[in-house]
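Student: take a look and give me a structure for this.
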Amino acid sequence: MKAHALPNGKVALRYGPQVNQWRHHVQYEAAEVANLSGMDFPILGPVKLELGFDLPRPQAHYGTGRNSHTLKASSPTWPTVMPDLDKLVRASCDSLTDAGLWKDDSHVVYLIAAKRYADGPPGVLIQVEAL
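Tutor: Just a heads-up that it's a prediction; the model follows:
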């Protein structure tokens, strides 16, 4: 989120365009899966949420030339760089709220979240369980 000062002295918080695009995609996919699941939504009670984020590896983690598809030995296993895990969780919870899975993300009482580098496309695996 970015803060913007308004002419009246108040501060507005806004997501950037990439975050908004990602949130809309997560919202759409979550709503589609929810419609197919047969579960009753919105969930009114406590929720367990598991989020697994797959982040793209930077090109600098790979060799050059004929080794361009080989990871360097110095490449980190885990992404300790932006985006922050808590920001990814917040955007995902907001998307799931917008998709109608629950009335508010305050229903999440149990949370497991992780981010990793993936060789495939970036994305998130989301598991929602009513407790």
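Student: use CA for all of it now, contacts and neighbours both
Tutor: Noted.
Student: can you name the farthest residue from the center of the protein?
Tutor: residue 66 (33.9 Å; CA atoms, centre = their mean).
Student: give me the three-state assignment for that residue.
Tutor: Here residue 66 takes the helix state, with states given by DSSP: H, G, I helix; E, B strand; the rest coil.
Student: and it, how far from residue 75?
Tutor: 17 Å (CA to CA, to the nearest Å).
Student: cool, residue 64 as well?
Tutor: Residue 64 is 14 Å from residue 75, by CA to CA.
Student: pLDDT of the longest helix along the chain, averaged?
Tutor: Taking DSSP state H as the criterion, the chain has its longest helix at helix 17-37. Averaged over helix 17-37, pLDDT sits at 89.
Student: residue contacts, the spatially closest residue to residue 31 that is not a sequence neighbour?
Tutor: Nearest residue to residue 31, sequence neighbours excluded (CA to CA, 6 or more residues apart in numbering): residue 99, at 5.2 Å. The contact partners of residue 99, taken as CA atoms under 8 Å, 6 or more residues apart in numbering, are 27-28, 30-31.
Student: show the buried residues in the residues you listed.
Tutor: Neighbour counting with 16 or more other CA atoms under 10 Å marks 27-28, 30-31 as buried within the contacts of residue 99.
Student: now stretch 77-92, how far from the chain's geometric center?
Tutor: Stretch 77-92 sits 8 Å away from the centroid of its parent chain (CA atoms, centre = their mean, to the nearest Å).
Student: oops, could you answer that again for stretch 81-94 instead?
Tutor: Worked out by CA atoms, centre = their mean, stretch 81-94 lies 6 Å from the chain centre.
Student: which parts of it are buried?
Tutor: So stretch 81-94, judged by 16+ other CA under 10 Å, has buried residues 85, 88-89, 91-93.
Student: can you list these in TSV and add distance to residue 131, secondary structure and pLDDT?
Tutor: Formatted as TSV, the buried residues of stretch 81-94 follow (distance: CA to CA, whole Å; DSSP: H, G, I helix; E, B strand; the rest coil; pLDDT from 0 to 100):
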residue	distance to residue 131	secondary structure	pLDDT
85	24	helix	97
88	23	helix	95
89	19	helix	97
91	22	helix	93
92	19	helix	95
93	17	helix	96
